[in-house]
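# No letters, just coordinates:
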């Protein structure tokens, strides 16, 4: 079994998946606990993307832990192809959700100055959530690339 | 020289680049001709991304035409590596700009219903511009992938 940093079934891969879970959960929590998120489509979309991310990452973290404990090889070609495909789809969802929410947060903070005018709106929490979502996306991109790198070596 | 559809120095590649130019220019025009775009950061960012796209695509379209007329081979490894890297960066810029603008347009159209309340705001043109920007991004993604596919075969 090839050892590519961050690929499925390695310690670094498991660490990546677990940190994705942590940041995605933190981002959802920051968003949901803020007043006024539910009125805006982009934040709703981000939550959907984050829940998708959370489900996928926790599933793979579980698989990684299982493979590490039982010394199982996850690097079969079909398995890897499936993981990399879903990884890319999830990464694209996460990135679009983060960008959409970031643009809304920037609108509220600077463009129309809604945060000063309407102080109940939880702008700081929106901003925190967007930053956490971007970190989640970066970690997800790292996983996607390392899986993709491994996949190329099969062809 | 390998013939990969859409790669630099082929007819399909040139067609892709030219249509990227057309859609990017159309998107800029739709956005700029609409009243009220300049107040919002996301639209400004989209325009920057579109101008970047326009400069890059027209440069490569020119190179493609030159290579096709003079039967020059653009598929050297270093040249391809440079093109693919910039292609990916431009594609990521375009996608983030499109998502950011789409989220703002959706906010205006549906979430806060600003388009009905304030009819001077050119919401239809914003929506048209966003659709054109997404088409530009899809064409750019096609170019990036075909270049990447070719690049892999060098390693």
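Yep, that arrived. Being a predicted model, the structure only gives us computed values, none of them experimental.

# tell me the SS of the residue nearest the centre of chain A?
Central residue of chain A (CA atoms, centre = their mean): residue A:136, 3.8 Å from the mean position. Here residue A:136 is recorded as helix under DSSP: H, G, I helix; E, B strand; the rest coil.

# In contact with it: list those residues for me.
Residue A:136 makes contact with A:20, A:23-24, A:27, A:50, A:53, A:94, according to CB atoms under 8 Å, 6 or more residues apart in numbering or on different chains. Every C-beta, even on glycine, is put in place using the N, C-alpha and C of the backbone.

# Could you list the low-pLDDT ranges of chain A?
A:1 (pLDDT under 70).

# Would you mind listing what in it touches chain B?
Contact residues (CB under 8 Å from any CB of the partner chain) of chain A with chain B: A:39-42, A:45, A:95-96, A:99-104, A:106-107, A:110-112, A:152, A:155.

# Show me where chain A has its helices.
Secondary structure of chain A by DSSP state H: the helices cover A:11-32, A:41-69, A:77-106, A:114-117, A:123-152.

# Hey, what's the angle from the first one to helix A:77-106? Just curious.
Think helix A:11-32. Angle of helix A:11-32 versus helix A:77-106, following axes from the mean of the first three to the mean of the last three CA atoms, to 10 degrees, is 30 degrees.

# buried sites along helix A:11-32?
Under the neighbour-count criterion of 16 or more other CB atoms under 10 Å in any protein chain shown, helix A:11-32 has A:12-14, A:16-28, A:30-31 buried.

# I figured residue A:108 hits residue A:119, correct?
No. Between residue A:108 and residue A:119 there is no contact, the gap being 11.7 Å when judged by CB atoms under 8 Å.

# Tell me which of the two has more neighbours.
Each of residue A:108 and residue A:119 has its neighbours counted (other CB atoms under 10 Å in any protein chain shown); residue A:108 has more, 22 against 9.

# Fine, thanks again, bye for now.
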